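> Got a sequence here, can you model it:
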Amino acid sequence: MTKCGGCKKYIARADIAKCAKCTKCGTVYHPFCLKGGEEGTPNWVCPGCVSGNPPPAPIVDAPVAEGMDSLELPEPVVSDGRHNSTANDTTEEFKVELGLEIRLFREELSAVREEIRLFRAEVKDLKSSFAATDERISTLDSRVDVLEKRVMEGSGSRLEAVIAELRLELNEKDQELLGNDVEVSNLPEENGENATHMIMAVATKLGVTLRESDIVSAERVGARRRAPGEGGDAGAGRRAGRGRWWCASRGAPSRTSSRPRPACAAGPPRPTSASPQRRAPSTSTRG
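Model prediction:
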């Protein structure tokens, strides 16, 4: 390979045609290693030959072996102290641009590191939130399981026991209320009568002390029947009918009881020629 007489660097064979060659000493120079622009003339002489100090003769290719490419031995580099200003300027500009690029790359890398740090912090917060949510869900699941277990246990034993106790209590109250009902039958019915006073009169006849405040209600039950031959207002003083009194004594019926009040129907009429049938009143008393 051939060296440049200016920069002492090897010149590729493909670039030798582009270089300038001295017609006197045969030294080859790079175009950018020369100044003046006269290197393209046919009889160009290198600066060394012009100054009377020609450079060493260039290395010529010598065959090493038959059938092999010739090799050039490198010459020792001779530093003549000359530097190409264009190459130096290009190198300096490249260094400056490279430094700027490296600085920008470092700044971008710092920004990326900061974003990664913030992203890690957010991911850490999300993990903490997910952990707390999982813990709450587990707690709720446990509570739901406990409640379901209680409901299942209560439906089979405790609730049924409470229902049975309430039914027994209602039955006992119904029995107590039935003990306070009194029925009185075969009392003649008069127009404008007071059933309460009639019940108190019956109690007095029987020797039972009964006050008006002890009676809850007193009324006739059953349909009012008329005697044969009566019509319009005729026989208004006496009405046919025969029934029973209905009386609840010793307190009013309990509001919690689901048992309906018993209704006493009048018995079938038994007409006689002596006295017409009459409807019986019913009453209820407080004991």
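
> Tell me what the residue nearest to Lys21 when sequence neighbours are not counted is bridged to.
Using C-beta to C-beta, 6 or more residues apart in numbering and skipping residues adjacent in sequence, the residue nearest Lys21 is Val28, 5.1 Å away. (Each C-beta comes from the backbone N, C-alpha and C, glycine too.) Bridge pairing for Val28 (DSSP bridges) gives the partners Cys4, Lys21.

> what's Val28 in contact with, if anything?
Residues near Val28 by C-beta atoms under 8 Å, 6 or more residues apart in numbering: Thr2, Lys3, Cys4, Gly5, Ile11, Ile16, Cys19, Ala20, Lys21, Cys22, Pro58.

> Tell me the one among those residues nearest to Gly52.
Cys22 (13.6 Å; C-beta to C-beta).

> mind checking how far the residue nearest to Lys21 is from Gln175?
138 Å (C-beta to C-beta, to the nearest Å).

> about what we covered before: just the buried ones out of the contacts of Val28, please.
Thr2, Lys3, Cys4, Gly5, Ile11, Cys19, Ala20, Lys21, Cys22, Pro58 (16 or more other C-beta atoms under 10 Å).

> after the host helix or strand of Met152, next one along is what?
Element membership for Met152 (DSSP states H and E) is helix 85-153. Next along the chain after helix 85-153, taking DSSP H and E as the criterion, comes helix 159-179.

> partners of the next helix or strand after that following helix, with directions?
Later in the chain than helix 159-179, the nearest helix or strand by DSSP H and E is strand 181-182. Applying DSSP bridges to the sheet, strand 181-182 is found paired with strand 247-248 (antiparallel), strand 281-284 (antiparallel).

> Those strands: lowest mean pLDDT?
Among the strands paired with strand 181-182, strand 247-248 carries the lowest mean pLDDT, a mean of 44.
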